[in-house]
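# take a look and give me a structure for this.
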Amino acid sequence: MALKRFSGDPGRVVTVEHDSALLRGNPLGDPAVRQFPVWLPPGYDERKGRGAGKRYPVLFDLAGYTSAGPAQTAWRGFDENLPERAARLIHQHKMPACIIVFPDCFTALGGNQYINSSAIGPYADYLTRELIPFIDAEFRTLGTRESRGCFGKSSGGYGALLHGMKYARYWGAIANHSGDAYFDFIYRADWPNTLTQLARFRPERQREGRWPADAGSAAPGEDDGRIAAFLSRAWKRERLNPAEMHCLMNLCMAATYDPDPTAPNGFRVPFDLETGELLAERWRSWLRHDPVKLVRRHADNLRKLSALYMDCGWRDQYHIHYGCRQVAQQLDAHSIPFEYREFDGTHSGIDHRLDHSLPYLLKALRS
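This is a model prediction of the structure:
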């Protein structure tokens with residue numbers, strides 16, 4: 001049986017184009033001109049009556065890794081896309097009408113964490129300094145932080161939480177669904193698989209026999225050529241297998257959390273490429289971006305939010321629920337108002353949680 005879709009006024013999805021000065025000349029060669037969808041709610045186009053000329057709160061949807069804004073509005077079998085979900089929630093009087101923006105922040109490394117990185121690009125500044133004023137000029141938004149929020153899942157949830165911490169002057173409320181936290185659990189354990197993938201691209205082919213004890217990269221965390229070779233091949237392929245995709249993801253995180261313009265590829269990695277030894281100094285660079293470590297530093301900004309929502313499935317295959325619990329403990333310890341919920345689910349197929357977060361955000365934002 002097919003999904004019975006909402007039959008009321010669906011609102012309208014429009015596509016806008018923005019030419020970014022900040023993304024021009026980015027280190028990955030990604031496009032500076034981006035087209036992305038914006039959803040206008042039911043009633044936006046009314047020319048007469050109470051709805052004519054009305055201004056709306058606005059939400060920015062930060063997509064997860066390997067996704068981007070345009071994917072969020074695509075048709076889905078046996079499920080709602082986000083505009084359909086929002087229209088239904090408005091029709092059911094569960095939330096007020098709003099505008100939803102779906103930025104395209106995809107990169108050659110499969111995405112980003114919505115923070116500034118010299119190895120990827122200034123995506124935090126792109127969102128706050130360029131897209132917010134662009135959207136406010138193009139559409140009838142209320143145009144203040146008290147009426148603006150952001151939300152996302154996974155990398156997008158991480159981005160939303162980090163923006164609540166560091167950029168509260170732009171956002172009045174945020175929602176974080178299964179956002180990356182507690183890096184010692186979610187990233188560190190997967191690096192052996194990444195090292196094994198990269199070993200296929202060693203500068204010198206490995207042969208049977210005695211392993212040379214002096215083997216290793218030129219400097220701690222620097223590429224000896226295998227990372228560049230892997231990326232070159234990955235960018236030429238039409239499709240990556242799961243192991244290659246996780247390798248690309250970990251390299252994306254390295255470029256996010258430990259960029260270094262003087263290093264090959266513009267970033268360092270936290271493990272020795274040959275021995276797998278954890279490089280303590282490099283790993284400390286990652287932990288400086290771990291939300292578990294950041295709550296205390298940014299407590300004042302977090303208290304300025306009118307709503308902070310988090311949730312996570314207690315069967316999350318990346319074990320993110322443990323990090324979310326620690327973030328929740330830190331928020332509570334610093335007397336920061338928040339809502340954290342867990343549910344019986346994994347990291348996948350959790351868009352139904354938006355039925356909780358979107359009304360929560362819009363109840364707190366000024367309409």
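# which of the residues in stretch 303-320 are buried?
The neighbour-count check on stretch 303-320 (16 or more other C-beta atoms under 10 Å) flags 305, 306, 307, 308, 309, 310, 311, 312, 313, 316, 318, 320 as buried. Heads up, the C-betas are built off the backbone N, CA and C, glycines and all.
# I meant stretch 160-173, not that one.
160-168, 170-173.
# what mean pLDDT does that stretch have?
Mean pLDDT, stretch 160-173: 98.
# chain center to that stretch: distance?
13 Å (C-alpha atoms, centre = their mean, to the nearest Å).
# before we move on, the earlier item: so which of the buried residues of stretch 303-320 comes closest to residue 126?
residue 305 (21.3 Å; C-beta to C-beta).
# if I read this right, the closest one contacts residue 171, doesn't it?
Yes. Using C-beta atoms under 8 Å, residue 305 is in contact with residue 171, at 7.2 Å.
# joint contacts of the two?
Common contacts of residue 305 and residue 171, defined by C-beta atoms under 8 Å, 6 or more residues apart in numbering, comprise residue 164.
# strands of the stretch 51-200 of the chain, start to end?
Using DSSP state E, counting those that start in this stretch, the strands of the stretch 51-200 of the chain run over residues 58-62, 99-101, 116-117, 121-122, 148-153, 173-177.
# quick one: closest of those strands to residue 264.
Comparison of those against residue 264 by C-beta to C-beta identifies strand 116-117 as nearest, at 15.7 Å.
# who does that closest one touch, helix- and strand-wise?
Under the contact criterion of 3 or more C-beta pairs under 8 Å, 6 or more residues apart in numbering; DSSP states H and E, strand 116-117 touches helix 123-125.
# list the helices and strands the helix it packs on packs on?
Under the contact definition 3+ C-beta pairs under 8 Å, 6+ apart, helix 123-125 sits against strand 116-117, helix 155-166.
# so can I have a markdown table of these showing distance to residue 9?
Putting the helices and strands packed on helix 123-125 into a markdown table (distance: least, C-beta to C-beta, whole Å) gives the following:
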| stretch | distance to residue 9 |
| --- | --- |
| strand 116-117 | 39 |
| helix 155-166 | 27 |
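# to residue 227, which of the ones you listed lies closest?
strand 116-117 (16.0 Å).
# for that closest one, give me every contacting residue.
In contact with strand 116-117 (C-beta under 8 Å, 6+ apart) are residues 122, 123, 124, 125, 255, 256, 259.
# stretch 328-343 now?
292, 295-296, 299, 302-303, 305, 307-314, 321, 324-325, 327, 350, 353, 356, 360.
# what segments of the stretch 1-150 of the chain are helices?
82-91, 123-125, 132-138 (DSSP state H, counting those that start in this stretch).
# how does this structure divide into domains?
12-181+291-364, 185-287 (automatic domain parsing).
# what about residue 206, neighbour count?
Residues lying near residue 206 (other C-beta atoms under 10 Å) number 11.
# show me which residues of the host helix or strand of residue 332 are buried.
Assigned by DSSP states H and E, residue 332 falls within helix 320-333. For helix 320-333, a neighbour-count test (16+ other C-beta under 10 Å) marks 320, 321, 322, 323, 324, 325, 326, 327, 328, 330, 331 as buried.
# tell me which of those residues is nearest to residue 145?
Closest to residue 145, out of all of those and judged by C-beta to C-beta, is residue 331, at 20.0 Å.
# just give me the longest helix of the protein.
helix 242-257 (DSSP state H).
# from the contact counts, what lies against that helix?
On a contact count with 3+ C-beta pairs under 8 Å, 6+ apart, helix 242-257 meets helix 191-199, helix 226-236, helix 280-287.
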